[in-house]
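S.K.: structure for this input, please:
(4 chains)
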Number of protein chains: 4
Amino acid sequence: MASLDPGIGEKFSHRTQRAINHDGTFNVRRRSKRIRHDPYQRLILMTWTRFFAELGLLLVVINATFALSYMALGLQNLPGVVASRNWGQNFLSALFFSVQTFTSVGYGHVYPGSNGAGALSSVEALVGVLTFALATGLLYGRFSRPVARIQFSRIAIISRRPGTGGPCLQFRVANRRDNTLVDVSARVIVKFVDPVTLNFSYAALSLEREAVSLLPLTWTLVHDLTPGSPLHGLGPADYEARNVEIIVLLKSYDDTFAQDVHARNSYIHSEILWNRRFIRAYEVEDDGITVVDLDALDATDPLDEANER
Amino acid sequence: MASLDPGIGEKFSHRTQRAINHDGTFNVRRRSKRIRHDPYQRLILMTWTRFFAELGLLLVVINATFALSYMALGLQNLPGVVASRNWGQNFLSALFFSVQTFTSVGYGHVYPGSNGAGALSSVEALVGVLTFALATGLLYGRFSRPVARIQFSRIAIISRRPGTGGPCLQFRVANRRDNTLVDVSARVIVKFVDPVTLNFSYAALSLEREAVSLLPLTWTLVHDLTPGSPLHGLGPADYEARNVEIIVLLKSYDDTFAQDVHARNSYIHSEILWNRRFIRAYEVEDDGITVVDLDALDATDPLDEANER
Amino acid sequence: MASLDPGIGEKFSHRTQRAINHDGTFNVRRRSKRIRHDPYQRLILMTWTRFFAELGLLLVVINATFALSYMALGLQNLPGVVASRNWGQNFLSALFFSVQTFTSVGYGHVYPGSNGAGALSSVEALVGVLTFALATGLLYGRFSRPVARIQFSRIAIISRRPGTGGPCLQFRVANRRDNTLVDVSARVIVKFVDPVTLNFSYAALSLEREAVSLLPLTWTLVHDLTPGSPLHGLGPADYEARNVEIIVLLKSYDDTFAQDVHARNSYIHSEILWNRRFIRAYEVEDDGITVVDLDALDATDPLDEANER
Amino acid sequence: MASLDPGIGEKFSHRTQRAINHDGTFNVRRRSKRIRHDPYQRLILMTWTRFFAELGLLLVVINATFALSYMALGLQNLPGVVASRNWGQNFLSALFFSVQTFTSVGYGHVYPGSNGAGALSSVEALVGVLTFALATGLLYGRFSRPVARIQFSRIAIISRRPGTGGPCLQFRVANRRDNTLVDVSARVIVKFVDPVTLNFSYAALSLEREAVSLLPLTWTLVHDLTPGSPLHGLGPADYEARNVEIIVLLKSYDDTFAQDVHARNSYIHSEILWNRRFIRAYEVEDDGITVVDLDALDATDPLDEANER
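M.R.: This is a model prediction of the structure:
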């Protein structure tokens, strides 16, 4: 049992939320007086909207600061600027000069006309070029991070084996992108309240097939609910009472990025449907090309109606 | 059998095209209302011609848009431009100023002479620097993606073992580039129509040798058509009737990029020659250097004529 | 035994310092007449403070050198500069022009007015752009290097098994960052003076659990001090006399960077506490989120007081 | 035997040079009508001197080409240039303007004064920015490529086991850099002329220890020349007659680059010394730090004189 512990801890109380969210993150916070935040990780993981918002804000703050500095020096240090009585107009003039310096455009109709302005604009030009060097690295880092866009079926099902009729737990995955995933392997762990100790326990769930070489279509993962399974003989009420959470860890190799990628998901009792059967989610079209319908990944039939499809 | 399924699906109809094309892509389409296209992947995988065409188009569109914006503001906002009655001439003047701003050249014979032009040109200068930051990352991403240029022989052959005379399936691979491939390993899967169920089946084909440490010359992969082989006893007509497709998955470590690389290929019945023997594709020249002739990778002899070479 | 040698050498004298420092580096120096220093590695591994200090110094040196070159040519080659009798003023004027050229700002109120100044400023402009290309690469390389911020407990403890009461060596680890560590595995080696040969010996210490799938909370690594253990039967005085050093090698996969990361640490006799028990370092808060207190990673109780927690 | 073939081919004639050079490259050429050269690989692998020479040449050629184009348009299109009767002076003026445009300095004392010059300078400015984007990527690619600087002893030796006196083949490796190599593993293959078939044969040589966890000092690789060894019972003359080449493949994980690195080397008969013993190449200094002397990696004693060191 020990080797099955996914490292999530064994003594959670009943009040805990699910261990793993649908986006693969954990319901865990970290606290420390000496904690070190990693700005790169934050800037890489945030959404594109937020990234450009923060980048835009940074550019505005830097340029406004330099603009105010030029005003503090006095606009007479910037020949070409027509000083105005209007503070706002003066600020705009200084700001435009700042941007022209920061981006190294430097038209030259305004230029630094004193040692002070020369020094300040020199510093700004260097800061500008280095800022864009940083932005270049961040943009590339964001773009080039391999992310597995594995789509998990939103529900798992309790189904039956076609031949033997034996009960089994099933869920499906597919690749949402057109890249090629190679050597996709899965581990499934169940987390549940032990009815004896009332502590959380973990157990591995064996799979009919633990890996596929390629994943161009869909892959249905199957765990047989045989007597050896930790879920053997449990009904829907047991799943809820024991806070069952099926944790899935997927690993693959991404052909576009030439790197390993990982994906995680979990199913709690309310996301497990009983006595259902998955409907095939791909078909061959007239031109001989197989088409995968990702929206049909969750499609199931009741077991009773399930005739030969 | 289950563990051999490459994840390509088991119920393709007879009409399906080959599973894997010669460039390693699949004959699969993906469909979803919420599908997420990955622009990075698209920009990394397209050809260089198309990449520079799309980049050029983007640069033209951005600069033309800014040029039209300057014209909408009025060219009197751009001192140094001699306004003309000719719309085309005015557009060109605005376009040249736009490019000078976008690339941060900023000669200054034309410059923003109003708050509106100052603001617009500030935005354009920032957009320009960020665009080139993106282009830098994309160019690097395209360059640095490790791609295995494994050359597969265009044909596989049914040959005989030199000693025992036992029949075997063979094909050859070589490295088309001068980099060093380390730890090259292969998996071969056959996809065929099961004569009983009429469904597609998959089976692994064992190899005489599944990996080589280095691949400076050529490597001939050999599958013995012994009674244990799923292809045992089949003739050319059977290969066609059963839609046999030999799927090859190659994995290696690329010494230049310090990353794993993968290559795929497949052979269908019309690409399998019977009773042939591969001719050696390398020779030692007078200076003691071994020369690999990649054009001779497909060269075969009829088995009858095959004397000791 | 041979296969356990971590490659640190077998004949250290008694005077040696610990093999591995707390930051994971070795107490080893390298000496060679033809040693090749790797500037990239140095620039990647130094602190950010030092990196920006060295970068700033480099920029100053380059620009000052070009400024002195322009002065050597004669400032009459730079129309727009008002030559002064004050050497310092002339140097500043040349320096500002240099920075404007190096950063490609090029306002143009000063410009190269002769072939000599044209050539020199052309070279400087190219040097400038290439310098920032290098800086871009270095900034990205520093940012994107995956570093495991595994926090090791500062002390290891000799504790007892809850059930059997058997003695065991324990220490704890946690992830200091919010990224996800997958497949964390550990190897533990003990280095000690062999009481017979008086040479240093190495031996692997078996672990109750050698790997966890995920590490969101804490992980306590346990080595049972059973008769098979090389530390069996030793007391605190023996640990000191034999210069015992517990060397820990951790390996994991970092989900943010999609790369493997490694961490190292070691415990010497003065960092091993006897008859203690670790206090749990995480708890579930009212919102159901589990909180890890990294500052409590070292928290222990005496064994006697250790009741059910 | 089959699985030992390093893929180097089995039918080399006697005239062949060594298979692997000391820099890890192969003595192999590739020939094909449709061979695809990989410019990135060439630009990444060439020396720094050659890289900067080719980059410099490219910059000169591009700028000279644009300079000649401006001259073809007529220098009257570039206000600020004083046209001269001297072709060389005109070329220099056009060249300086070209560099100012290409690097986006754009002082503006010379500027494009016609549609033709505006278009040409717009194209040059875009080409310039993209060229430096490419250079940025290449510089980063060159810097960040992990290279194992494993130093192999220049000679291998035939020595004797301290205890049993059994003969063995030995050679040593050390890390030439201050980075940390983790999980260093080795494979050794011998290539020799089979005295029966007169073809080249390959055989793996077993190692006393095939891997070390860390490599801070030196590692001596030992192959016992027991009856099972393909080299058993051979003397120096046999090594020469059979063209013996000991091929070494080393693999490791580089902690700085977080990537696997590989190194190769080989020893031919003239690089194998008989009846020698390696002298220890590190010592502990007074401050307790261990110092590795890389220049002493090849240092050996005759076996007779080898007393306890």
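S.K.: can you list the strands that the top strand by length along chain A pairs with?
M.R.: Identified as the longest strand of chain A according to DSSP state E is strand A:181-193. The strands beside strand A:181-193 in its sheet (DSSP bridges) come out as strand A:200-205 (antiparallel), strand A:211-214 (antiparallel), strand A:245-254 (antiparallel).
S.K.: in that strand, what's buried?
M.R.: A:181, A:182, A:183, A:184, A:186, A:187, A:188, A:189, A:190, A:191, A:192, A:193 (16 or more other Cβ atoms under 10 Å in any protein chain shown). Just so you know, the C-beta spots here come from the backbone N, C-alpha and C atoms, and that holds for glycine as well.
S.K.: show me where the stretch 101-250 of chain A has helices.
M.R.: With DSSP state H, counting those that start in this stretch, the ranges of helices along the stretch 101-250 of chain A come out as A:115-144, A:236-241.
S.K.: which parts of the last one are buried?
M.R.: If you call a residue buried by 16+ other Cβ under 10 Å, then helix A:236-241 has these buried ones: residue A:239.
S.K.: run the chain-centre distance for it.
M.R.: Its chain's C-alpha centre and that of helix A:236-241 lie 30 Å apart, by Cα atoms, centre = their mean, to the nearest Å.
S.K.: export it to CSV, keeping only CA atoms.
M.R.: Provided in CSV are the C-alpha atoms of helix A:236-241 (Å, rounded to 0.1, in the frame of the first residue of the first chain):
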residue,chain,number,x,y,z
PRO,A,236,-23.3,4.6,-5.4
ALA,A,237,-24.1,5.3,-1.8
ASP,A,238,-20.7,3.8,-0.7
TYR,A,239,-18.9,6.0,-3.2
GLU,A,240,-20.5,9.1,-1.6
ALA,A,241,-20.1,8.0,2.0
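S.K.: run through who's touching it.
M.R.: A:193, A:244, A:269, A:270, A:272, A:274 (Cβ atoms under 8 Å, 6 or more residues apart in numbering or on different chains).
S.K.: next, count neighbours for the second one.
M.R.: Residues near residue A:244, counting by other Cβ atoms under 10 Å in any protein chain shown, number 20.
S.K.: that one contacts residue A:230, correct?
M.R.: No - counting by Cβ atoms under 8 Å, residue A:244 does not reach residue A:230; the two are 9.5 Å apart.
S.K.: which residues do the two both contact?
M.R.: Common neighbours of residue A:244 and residue A:230 (Cβ under 8 Å, 6+ apart) are A:190, A:192.
S.K.: any idea what the residue of the stretch 151-300 of chain A found nearest chain D is bridged to?
M.R.: Nearest to chain D, among the residues of the stretch 151-300 of chain A, is residue A:259, at 10.3 Å (Cβ to the nearest Cβ). Note on residue A:259: beta-bridge partners residue A:254, judged by DSSP bridges.
S.K.: go on, residue A:301?
M.R.: Bridge pairing for residue A:301 (DSSP bridges) gives the partners residue A:277.
S.K.: distance of it from residue B:22?
M.R.: 39 Å (Cβ to Cβ, to the nearest Å).
S.K.: those two: which has the busier surroundings?
M.R.: residue A:301 (16 against 13).
S.K.: quick check: the more buried one touching residue A:280?
M.R.: No - assessed by Cβ under 8 Å, residue A:301 is found out of contact with residue A:280, at 10.5 Å.
S.K.: residues of the helix or strand residue A:67 falls within that come out buried?
M.R.: Residue A:67 is part of helix A:48-73 when elements are defined by DSSP states H and E. Neighbour counts using 16+ other Cβ under 10 Å place A:51, A:55, A:59, A:62, A:63, A:66, A:67, A:69, A:70, A:71, A:73 of helix A:48-73 among the buried residues.
S.K.: determine which two of the residues you listed are furthest apart.
M.R.: Taking Cβ to Cβ as the measure, these span a maximum distance of 33.4 Å, between A:51 and A:73.
S.K.: what's the average pLDDT for stretch A:217-234?
M.R.: For stretch A:217-234, the mean per-residue pLDDT is 93.
S.K.: so where is the stretch 1-150 of chain A shaky, pLDDT-wise?
M.R.: A:1-16, A:34-37, A:147-148 (pLDDT under 70).
S.K.: check what pLDDT residue A:246 gets.
M.R.: On the pLDDT scale, residue A:246 is placed at 94.
S.K.: quick one: it and residue A:187 touch, right?
M.R.: No - using Cβ under 8 Å as the test, residue A:246 is too far from residue A:187 to be in contact (11.4 Å).
S.K.: residue A:192 touches residue A:242, doesn't it?
M.R.: Yes - with contacts counted by Cβ under 8 Å, residue A:192 reaches residue A:242, the gap being 4.3 Å.
S.K.: quick one: contacts for residue A:193?
M.R.: With Cβ under 8 Å, 6+ apart, residue A:193 has these contacts: A:14, A:199, A:200, A:201, A:241, A:242, A:243.
S.K.: mark which of those residues are buried, thanks.
M.R.: Of those, these count as buried by 16+ other Cβ under 10 Å: A:200, A:201, A:242, A:243.
S.K.: let me know the closest of those to chain B.
M.R.: Chain B has its nearest neighbour among those in residue A:201, at 28.9 Å by Cβ to the nearest Cβ.
S.K.: per-residue pLDDT, the closest residue in space to that closest one that isn't next to it in sequence?
M.R.: The shortest distance from residue A:201 to any non-neighbouring residue, by Cβ to Cβ, 6 or more residues apart in numbering or on different chains, is to residue A:194 (4.3 Å). As predicted, residue A:194 sits at a pLDDT of 78.
S.K.: ok, now the one 3 residues further on?
M.R.: Model confidence at residue A:197, given as pLDDT, is 72.
S.K.: I'd like to know how many residues surround it.
M.R.: Here the number of neighbours of residue A:197 (other Cβ under 10 Å) works out to 10.
S.K.: near chain C, which residues of the stretch 101-250 of chain A?
M.R.: A:101, A:104-108, A:110-113, A:115, A:118-119, A:121-122, A:125-126, A:128-130, A:133-134, A:136-138, A:140-141, A:145-146, A:187, A:189, A:249 (Cβ under 8 Å from any Cβ of the partner chain).
S.K.: again, only using 6 Å
M.R.: Remark: the part of the stretch 101-250 of chain A in contact with chain C comprises A:101, A:104, A:106, A:108, A:111, A:115, A:118, A:122, A:125, A:129, A:133-134, A:136-137, A:141, A:146, using Cβ under 6 Å from any Cβ of the partner chain.
S.K.: out of those residues, who's the most crowded?
M.R.: In these, the most neighbours by other Cβ under 10 Å go to residue A:106, 32 neighbours.
S.K.: how many residues are close by the nearest residue to that residue once chain neighbours are set aside?
M.R.: Computed as Cβ to Cβ, 6+ apart, the closest residue to residue A:106 that is not its neighbour in sequence is residue C:105, at 3.7 Å. If you count neighbours by other Cβ under 10 Å, residue C:105 ends up with 35.
S.K.: so what's the backbone phi/psi at residue C:105?
M.R.: The phi and psi values for residue C:105, taken as degrees, to the nearest 10, are phi -70, psi -50.
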